[in-house]
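1. One predicted model, sequence on top.
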2 protein chains.
Amino acid sequence: MSTPLLLAVAQAETAVRTEHFFLVLIAILLAAKVLGELAERFGQPAVLGELLAGVLLGASVLGVVPTEGAVNETVHLLAEVGVAILLFEIGLETDLREMFRVGPAATLVALVGVVAPFLLGFIYWMAVTPDIGTHAANIDDLEVAIFVGATLTATSVGITARVLGDLGHLHTREARVVIGAAVVDDVLGLVILAIVSGLAVGVTPTAGGIILKFIIAIGFLVAAVVIGNRIAPRLFSLIDRMQVRGILLVSALSFGLLFAALAGLAGSAMIIGSFAAGIVLSSTNQFDVITERIKPVADVFTPIFFVAVGAGVNVALFMPWSSEFDLSVLVVGGVLLAIAIVGKVVSGFAVGWGRRKLSHLAIGVGMIPRGEVGLIFAHLGLVEGILSQQVFSAILIMVMATTFLAPPLLKPAFASLGAKDAPPLESDMQPGRHGA
Amino acid sequence: MSTPLLLAVAQAETAVRTEHFFLVLIAILLAAKVLGELAERFGQPAVLGELLAGVLLGASVLGVVPTEGAVNETVHLLAEVGVAILLFEIGLETDLREMFRVGPAATLVALVGVVAPFLLGFIYWMAVTPDIGTHAANIDDLEVAIFVGATLTATSVGITARVLGDLGHLHTREARVVIGAAVVDDVLGLVILAIVSGLAVGVTPTAGGIILKFIIAIGFLVAAVVIGNRIAPRLFSLIDRMQVRGILLVSALSFGLLFAALAGLAGSAMIIGSFAAGIVLSSTNQFDVITERIKPVADVFTPIFFVAVGAGVNVALFMPWSSEFDLSVLVVGGVLLAIAIVGKVVSGFAVGWGRRKLSHLAIGVGMIPRGEVGLIFAHLGLVEGILSQQVFSAILIMVMATTFLAPPLLKPAFASLGAKDAPPLESDMQPGRHGA
């Protein structure tokens, strides 16, 4: 008679898993919105509250968001949908001609913003060689320094874009430069990832391999926008003639997710794909309806991403009474944080000196937040034994701190630019496209 | 050097899993909408197209929707969210006073619609004892007959409600009776499930156990609506004063999912909970905004449920050239289908004879679709060895056929009722609440 019992247990587990998932989803959504509201009441962007909600719900505080199992995997996949929709929305609000106009500036900011923190981090590590935790005998300080430098490079476009959107500054030229630079940054990040992954397994990267990675990433973005711009208007005229409920929203959403999946399969970052899809659809006749209908869907999915990011934080690292607390880790983390901030702020001073003035500080501060890419590098180094647990924790502190510092720093940095979403000076921007 | 390789593989799998999930989600959404559009062009409700999309994407045809693994589990959980949102939307469009008004009629329809097909199925099996496949020696025909009868009882409120919504008939009194009866049906289904589960493990059900199950199910629905009606207006006035983007939508959605989870944890059906939550919110001041904002979210989630239902269909059962094809199974399935249709159609004739005339046929046909509950019973019987693989397949055919027959049958049955969503005669229904 064990089979019936087993079946009953299995059924109960399946049933309870669904309810468990519902409760986790509710906790994520409500905590994100309530803390987002609180953040706004304290004059901060809502995304800060969503990140804090994640910290609260994460394993190190309440443990509501599970760290393994089906519910964890589902939350993780929904978070990926959330960040894809976020970049798709940002793409929708992006004017391609304006992007091209800021293209050179954005590329310059991205390059300086990758090279400066890398060099600063590398030099700091080689000069000071902070002794926090041991690493394997076959690893030399040069490798560690390269890894530490690499983790300092990649800006998290998600955090910055959300904050600028929350504050209503997405349509300033500074914001365009930052978003553009963050996208270029993601492309550069893929190249750096290829190099450090090679290093991690003892393969010296070839120039050919690096160039190939670069061409794929850039090529995908260009091809997506060029081909998409030819196909999308006809496709969406066709879809517009269909009658069934939700067809336009679902088609647009699928378009965004498809570009994301294609980007990923082509070896690029998925969010580059959904961003490209948004840019493409921003030039269709159905733009207004798509933007309006995607909003409630984004309201549901996007917070899941930021809560998931926050849930990865281990608060014990900051608690003096915790067994995991280590002052030297905090000190090294603080130094890396300073490097991370300085290295990106200087990138803002690479542009905006010419005829068209730009706020260097706004751009530099906009580049500060690090996120998943930095964590991927750090995790790779930890698993390969190149980074000790302590160095990994210090990098984690740096990544977390940039993420949490960015919102309160961005607000004053952009406030000096004047009115929220003031209409840009360029006369060729369509009117009525730039409301919130 | 195996660790780096393993890591690389693990990372590649994680990465590809995200892209795989995106592609599956895109396939589900696009196939659902395109076939939904085609169904409407052929004068059928969109949900028929969504079910067919599921059959196409399921394991027996294209195999796009995986049958195991993280992507499968995520799709399954999203399907549960989809059906919860569907019932929440239907609850939002339900007027509680009108529900009470149709309450007695709905209860009568539900009772007849459970008893009639059960008795017909039971008598058929005891009289004919069709010999399709063997079952264990310790199982007698009485048990098989009870199981077969039980699988014929539960109406799938999801299918019927979607079809009536697609056709614009949700606000006819007949539709209200059907929806109400289907909800009562779900409650009765839980009681029947308790009895047959007991039978399956050799436990004779006690009257006390049956009554307890019944009280829990009814009690939850009443308590949810009564308590919810006291709390919701104040809660949503508070939420209305909050500023952060998406707060009202996310709160309403969480409210619906919370009631679903609570219903499930209380031992009731989850969809009863989300239906109750919708009823409660339909009396708040924020009703209009909630209804409007939840729509795009429903457009994304609801098709996932119907595609998942369709994906469970094994088309090989109907293909004469297939090795799984068995004519006697088809014949028994056909008989069960006839019983399933007749048993529910007669329930429509239990009401509507008095002062207020109702279309008996519209109500009876509305009760036809079976769904997940019947499949749960059948699956339980199969695993316990009470039902042979062949009997299980015959029941599967019956469930599938009722699901696919309902949309084309419902259309003419309700067409005779006149104009779509004509304003009801009762003067106390709020105007402006009944547009599509």
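-> Ah, there it is. Nothing here was measured: the structure is a model prediction, and the numbers come from that model.
2. Any regions of chain A where pLDDT drops low?
-> A:1-16, A:98, A:133-138, A:190, A:193-194, A:197-205, A:355, A:372-373, A:376, A:418-436 (pLDDT under 70).
3. Name the residues of the stretch 201-350 of chain A found near chain B, please.
-> A:201-202, A:242-247, A:249-251, A:253-254, A:257-258, A:260-261, A:264-265, A:270, A:293-300, A:303 (Cβ under 8 Å from any Cβ of the partner chain). Glycine gets a C-beta too; all of them are placed from N, C-alpha and C.
4. In strands, which of these appear?
-> Using DSSP state E, no member of those falls in strands.
5. Would you list the buried entries among those residues?
-> Buried members of these, counted by 16 or more other Cβ atoms under 10 Å in any protein chain shown: A:242, A:244-247, A:249-251, A:253-254, A:257-258, A:260-261, A:264-265, A:270, A:293-300, A:303.
6. got the contact list for the closest residue to chain B within the stretch 101-250 of chain A?
-> Closest contact between the stretch 101-250 of chain A and chain B, by Cβ to the nearest Cβ, is at A:G246 (2.9 Å). Neighbouring residues of A:G246 by Cβ atoms under 8 Å, 6 or more residues apart in numbering or on different chains: B:33, B:295-296, B:298-300, B:303.
7. Kindly indicate which of those residues lies nearest chain A.
-> Out of these, the member with the shortest distance to chain A (by Cβ to the nearest Cβ) is B:D299, at 2.9 Å.
8. how about the helices in the stretch 301-436 of chain A?
-> Shown for the stretch 301-436 of chain A, the helices assigned by DSSP state H, counting those that start in this stretch span residues A:327-348, A:360-366, A:372-383, A:389-415.
9. So A:A311 versus A:L57, what's the distance?
-> In this view, A:A311 and A:L57 are 6 Å apart by Cβ to Cβ, to the nearest Å.
10. do A:F275 as well
-> 28 Å.
11. quick one, which of those two is more surrounded?
-> A:F275 (33 against 21; other Cβ atoms under 10 Å in any protein chain shown).
12. who's in contact with A:I247?
-> A:I247 touches A:239, B:33, B:36-37, counting by Cβ under 8 Å, 6+ apart.
13. and if you look at A:A311?
-> Applying Cβ under 8 Å, 6+ apart, the residues near A:A311 are A:54-55, A:57-59, A:65.
14. Run a quick neighbour tally on A:A84.
-> By other Cβ under 10 Å, 30 other residues sit near A:A84.
15. you'd agree it is up against A:S274?
-> Yes. Between A:A84 and A:S274 there is a contact under Cβ atoms under 8 Å: 4.2 Å.
16. Pull up the overlap in contacts between these two.
-> Joint contacts of A:A84 and A:S274 (Cβ under 8 Å, 6+ apart) are A:256-257, A:260.
17. Spell out which residues of the stretch 51-200 of chain A are next to chain B.
-> A:70-71, A:73-74, A:77-78, A:80-81, A:84, A:166, A:197, A:200.
18. Once you drop chain neighbours, what's closest to A:T284?
-> Among residues not flanking A:T284 along the chain, A:F236 sits closest, at 4.7 Å (Cβ to Cβ, 6 or more residues apart in numbering or on different chains).
19. now swap in A:L409 and tell me
-> With sequence-adjacent residues excluded and distances taken as Cβ to Cβ, 6+ apart, A:L409 is closest to A:V365, at 5.0 Å.
20. That neighbour and chain B: what is the separation?
-> Distance of A:V365 to chain B, given as Cβ to the nearest Cβ, to the nearest Å: 23 Å.
21. what residues are up against that residue?
-> Counting by Cβ under 8 Å, 6+ apart, A:V365 has contacts A:344-345, A:348, A:406, A:409-410, A:413.
22. thinking A:G58 is in contact with A:A316, fair?
-> No. Counting by Cβ under 8 Å, A:A316 is not a contact partner of A:G58; they are 11.1 Å apart.
23. more crowded one of these two?
-> Set A:G58 next to A:A316 and count neighbours by other Cβ under 10 Å: A:G58 wins out with 22 against 14.
24. Please report how far the more buried one lies from chain B.
-> A:G58 is 19 Å from chain B, by Cβ to the nearest Cβ.
25. And the residue of the stretch 101-250 of chain A closest to chain B, its phi and psi?
-> phi 80, psi 10 (degrees, to the nearest 10).
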